[in-house]
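Q: here's a sequence, model it:
(one chain, ligands or ions: 2)
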Amino acid sequence: MSTLYEETTVKAGAPPAAGVGATGEEFPLFRRARKPAPLDAILAELQATAELPLAQARTLPAEVYTDEAYFDWELDHVLRPAWLCLAHISQIPQPGDFLNLDVLGEPLIVVHGKDGVLRVLSRVCPHRAMDIMPPGFGYDGHQHGLGDRREGVPGCGHTRLFLCPYHHWSFELDGRLKACPEMQQAEGFCRDDVGLKTFRAETWRGWIFVNLSGDAPPLAEQFTELSADIAGWKPETMKLALHREWDCPFNWKVLVENFMEAYHHLGAHCKTLQPLMPAKNTWTEAERAHSVRVNLPFKNQPPPGEADFEPIPTLDPEHHAQMAVFLGHPSFLLFSGPDRLFWYRIEPLGPDRSRLHTMMLLPETALADPDYAQKLALADQMLVDFHMEDMEVCIAVQRGFFATGYQRGRLSHLEMPIWLIQRYLAARARGTYPTLDRPAAPGQQ
Ligand code: FES
Ligand SMILES: [Fe+2]
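A: Ligands and ions are numbered 1, 2, ... in the order given. Next up, the predicted model:
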C-alpha cells in the first residue's frame, strides 16, 4: 500500500500543508508542465465541449483540473454560488452541539442553536479577525466549563457559548456578541451591532448546506428530484456510522467524476464492484438542472453479506435490486445500498488538492443489530478497500493532467455523468443551470 493516500487522523478543519501528504511526504506532482491557456480560451472550449452530443463527447482541457485562474473562476461562478453540504444532523443532534470545518477558505461553525435552528457561522472574530477555534491551537472554546469536546468525532463538540481565545469576547450560539471586556471607552460601540457573521444555510433531508454567495435559489427547489430519489432511506433519521478523512492530491472534479461513472468498474474495480454491478448494465437518468442519478443493477441478487444490515423496508423495490449513485451539483455525493447510504464530502483546497470525507449513514434499526460492531468494522474495511482503488486512479489521472502528453479523450456512453457535469459547468458559465436554456438530454436504458 502506498503511503501517499493513506487515510489520516488529521482533525477536521485542519487541512494539511500544501503539497504535503498524510505522511509528510511530498506528492509526486510536477506542476505547470504546460503553459496554461488564457481563461477565456478555457471557458470557450468548455462551452464547445459541453455542446457536443453524448456520442461525440470528449474530456475537457487539462487546465480545468490544473489552472489557478480557472480554479479562481470556478470558486466565483460554480462553488461559492452553490449549496455545499457541510454536516448531517446526526453529527450535531442536540442544542449546543457544533461542528468546525473550513470550506473554500472560510473557517466555519455549524451549530445547533438553543432555539433548535441549525446555523452556519463564521469562526472569524469580529474584534481582530482571530479564528475563535483555530485548529491545533489546543483551545477550541471548551475550557472554563463551557462545554466538552465530543470524543471520537473530529471537529464536533458541545458548548453553551463561544469564546474567542484572543481577548475573551464571547458569543451566543446564534452568533450574537454576549460579552466583551473593557470596551466601555470605545465611543459609539454597541454590542448589539456586533456578532459572528451568519452564512445562508438550509437543512434538507437531514443535511445542513451552506450557500457562501448568499444568492442561490432555495435548496429545496433545486433538489426536488433528488429528494424523491432518496426519500425511502429517510436520511433525516439516519445516523453517521463511519467517517474517514483523506488527503487528495487531485482536483475535486476528478473525484466527483470518478464517483459518478461506473465505467471504471471494468478496470479499477474489476475484482470488487464489477462482478457485483457490471459496468455495461449501469445507466444514467435524463438530465436534470441540479442533480444526476445513475443506476447500478446487481448482476445477481447478492445473498446477504457479512457486513449487511436489514434492508430498509421503506425503499422502492428497485433499490433492493441495485445500488445507485447521486450527485447534487456541484459536489454533494451519495452512493446507496439497500441498507445504507454512503456520503462523500469533498473540500476543494486548490486546483490540484482536495480533502475528502468518506462517510456512511445507517438507519437507527441497524444500531440495534446484535452484530453491529462486527458488521461496522467489516463495512469500514470494505469502504477503505474500494476507495483505495479509486484513490489510486484519481492520483494517477491528476498527474496525467499536468503532463504534456495529455490528450483529450473520447467518452463511452457509460460516462454520461461526466458529460452531464461538463454541461453543468458550461451552464454555470452562462449564468444558468442545465435544462433551463437547452433541452434536457434523455436518459439511458
Ligand atoms: S480577536 Fe477575538 S476577542 Fe479579540
Ligand atoms: Fe470507483
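Q: count of neighbours near Val256?
A: Number of residues near Val256 (other C-beta atoms under 10 Å) recorded here: 23. C-betas here are computed from N, CA, C, even on glycine.
Q: secondary structure element for it, which one?
A: According to DSSP states H and E, Val256 maps onto helix 252-260.
Q: around ligand 1, which positions in the chain sit nearby?
A: With the criterion set to C-beta under 6 Å from any ligand atom, the chain comes near ligand 1 through Cys125, His127, Arg128, Met130, Cys164, Tyr166, His167, Trp169.
Q: ok, the first one touching Ile132?
A: Yes - using C-beta atoms under 8 Å, Cys125 is in contact with Ile132, at 5.3 Å.
Q: give me the common contacts of those two.
A: By the contact definition C-beta atoms under 8 Å, 6 or more residues apart in numbering, Cys125 and Ile132 are jointly contacted by Cys164, Leu196.
Q: do you have the helices of the stretch 301-445 of the chain handy? List them.
A: Counting by DSSP state H, counting those that start in this stretch, the stretch 301-445 of the chain has these helices, from start to end: 364-367, 372-402, 416-429.
Q: and the first one, what other elements does it pack with?
A: In this structure, helix 364-367 packs against strand 239-248, with contacts taken as 3 or more C-beta pairs under 8 Å, 6 or more residues apart in numbering; DSSP states H and E.
Q: by how many degrees do the strand it packs on and helix 372-402 diverge?
A: Using axes from the mean of the first three to the mean of the last three C-alpha atoms, to 10 degrees, the interaxial angle of strand 239-248 with respect to helix 372-402 works out to 30 degrees.
Q: any idea how far strand 239-248 is from the middle of the chain?
A: Its chain's average C-alpha position is 11 Å from that of strand 239-248, according to C-alpha atoms, centre = their mean, to the nearest Å.
Q: ok, now how distant is Leu84 from Phe223?
A: Counting by C-beta to C-beta, to the nearest Å, the gap between Leu84 and Phe223 amounts to 13 Å.
Q: correction: Asp352
A: 29 Å.
Q: just give me the neighbour total for Thr224.
A: If you count neighbours by other C-beta under 10 Å, Thr224 ends up with 13.
Q: thinking again about what came up before, ok, of the residues of the chain next to ligand 1, which come out buried?
A: When these are checked for burial by 16 or more other C-beta atoms under 10 Å, the buried set is Cys125, His127, Met130, Cys164, Trp169.
Q: what sits against the fourth one?
A: Read it as Cys164. For Cys164, the residues meeting the contact criterion (C-beta under 8 Å, 6+ apart) are Cys125, His127, Met130, Ile132, Ser170, Phe171.
Q: can you read off the pLDDT for the residue nearest to Met416 when sequence neighbours are not counted?
A: Spatial nearest neighbour of Met416, chain neighbours left out: Thr284 (4.1 Å); criterion: C-beta to C-beta, 6 or more residues apart in numbering. Turning to Thr284, the model gives it a pLDDT of 98.
Q: Thr284 reaches Gly443, doesn't it?
A: Yes - with contact taken as C-beta under 8 Å, Thr284 and Gly443 are classed as touching, separated by 6.5 Å.
Q: with neighbour numbers in mind, choose between those two.
A: When Thr284 is set against Gly443 and neighbours are counted by other C-beta under 10 Å, the residue ahead is Thr284, at 26 against 14.
Q: low-confidence bits of this protein, can you list those?
A: Applying pLDDT under 70 to the chain flags the ranges 1-34, 136-154.
Q: which segments of it make up each domain?
A: Following automatic domain parsing, one gets these domains for the chain: 34-81+220-429, 84-204.
Q: end-to-end on the last one?
A: It stands for domain 84-204. According to C-alpha to C-alpha, to the nearest Å, domain 84-204 extends 11 Å from its N-terminal end residue to its C-terminal end residue.
Q: please export the C-alpha coordinates of stretch 373-387 as CSV.
A: Output of stretch 373-387 as CSV, limited to C-alpha atoms (Å, rounded to 0.1, in the frame of the first residue of the first chain):
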residue,chain,number,x,y,z
ALA,A,373,-19.7,-3.6,15.9
GLN,A,374,-18.5,-6.5,13.8
LYS,A,375,-20.6,-5.5,10.7
LEU,A,376,-19.4,-1.9,11.1
ALA,A,377,-15.7,-2.9,11.2
LEU,A,378,-16.3,-5.0,8.0
ALA,A,379,-18.1,-2.2,6.3
ASP,A,380,-15.3,0.1,7.2
GLN,A,381,-12.7,-2.2,5.7
MET,A,382,-14.7,-2.7,2.5
LEU,A,383,-15.1,1.1,2.1
VAL,A,384,-11.4,1.6,2.6
ASP,A,385,-10.6,-1.2,0.2
PHE,A,386,-12.7,0.1,-2.7
HIS,A,387,-11.9,3.7,-2.0
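Q: what separates that stretch from the chain centre, distance-wise?
A: 20 Å.
Q: and the contacts of it?
A: Residues contacting stretch 373-387 (C-beta under 8 Å, 6+ apart): 7, 241-242, 244, 246, 269, 272-273, 306-309, 340, 342, 358, 360, 366, 369.
Q: 10 Å instead?
A: Contacts of stretch 373-387 with the rest of the structure, by C-beta atoms under 10 Å, 6 or more residues apart in numbering, involve 5-7, 241-244, 246, 268-269, 271-273, 305-309, 335, 337, 339-340, 342, 344, 356, 358-360, 362, 366-367, 369, 371, 391, 394.
Q: helix, strand or coil for the nearest residue to Ala279 once chain neighbours are set aside?
A: In space, and not counting its chain neighbours, Ala279 is closest to His265: 4.3 Å by C-beta to C-beta, 6+ apart. Three-state call for His265 (DSSP: H, G, I helix; E, B strand; the rest coil): helix.
Q: ok, now how distant is His265 from ligand 1?
A: Computed as C-beta to the nearest ligand atom, to the nearest Å, the His265 to ligand 1 distance reads 51 Å.
Q: same check on Asn300?
A: Per C-beta to the nearest ligand atom, Asn300 is found 60 Å from ligand 1.
Q: does that residue touch Leu276 like I think?
A: Yes - the pair formed by Asn300 and Leu276 meets the contact definition of C-beta atoms under 10 Å, at 8.6 Å.
Q: higher neighbour count, these two?
A: For the pair Asn300 and Leu276, the greater number of neighbours falls to Leu276 (16 against 8), based on other C-beta under 10 Å.
Q: does the more buried one belong to a helix, a strand or coil?
A: Per three-state DSSP, the secondary structure class of Leu276 is coil.
Q: got a list of what Pro313 touches?
A: Taking C-beta under 10 Å, 6+ apart as the criterion, Pro313 is in contact with Gly232, Pro363, Thr365.
Q: which single one of these is nearest to ligand 1?
A: Sorting these by how near they are to ligand 1, with C-beta to the nearest ligand atom, puts Pro363 at the top with 41.9 Å.
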